[in-house]
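Visitor: have a look at this prediction, sequence included:
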Amino acid sequence: MLEMLIWAVAIAFAISCLLAVLLIASIKPQPRSRPKPRTLRQLTSYQKRLFNQRVTKQLAAELLQLLNHDQTTATNLINQTILANPDKSLNQCFEKVIREIQRGRY
């Protein structure tokens, strides 16, 4: 009788250990929070807010000069930069695009 009780306790302990291992293995680490990329619909309202902050004419002129006055390319590069850096101001995005062009990355 005592031997049966010991076996029952041992089996219960083994099952509980197995369940604990399975539960620990099923827990997934939480991903780090990153700013969510903006959709084009959100970008328009975001751009409206940013365009209230005036871009200095010097930055806009410098960007257009670097791109040989190609306004379509300039707009696309600025939009990509705004999407990638939602926490930056419009002036900072212009400065970033200008730096990247000067470094030859675009």
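Guide: Structure received.
Visitor: name the nearest residue to residue 96, ignoring sequence neighbours.
Guide: residue 81 (5.5 Å; Cβ to Cβ, 6 or more residues apart in numbering). C-beta here means a position set from N, CA and C on the backbone, and glycine is covered the same way.
Visitor: and that neighbour, what does it touch?
Guide: 88, 93, 96-97 (Cβ atoms under 8 Å, 6 or more residues apart in numbering).
Visitor: is it possible to mark the buried ones in those?
Guide: The neighbour-count test (16 or more other Cβ atoms under 10 Å) marks 93, 96-97 as buried among those.
Visitor: for the residues you listed, which one is nearest residue 13?
Guide: The shortest gap between residue 13 and any of the buried ones among the contacts of residue 81 belongs to residue 96, at 60.2 Å (Cβ to Cβ).
Visitor: helices and strands around the helix or strand harbouring the closest one, which ones?
Guide: Here residue 96, judged by DSSP states H and E, is contained in helix 90-102. On a contact count with 3 or more Cβ pairs under 8 Å, 6 or more residues apart in numbering; DSSP states H and E, helix 90-102 meets helix 57-66, helix 71-84.
Visitor: any idea of the mean pLDDT for the shortest one?
Guide: Averaged across helix 57-66, pLDDT comes to 86.
Visitor: give me the contact list for it.
Guide: 70-71, 74, 78, 91, 94-95, 97-98, 101-102.
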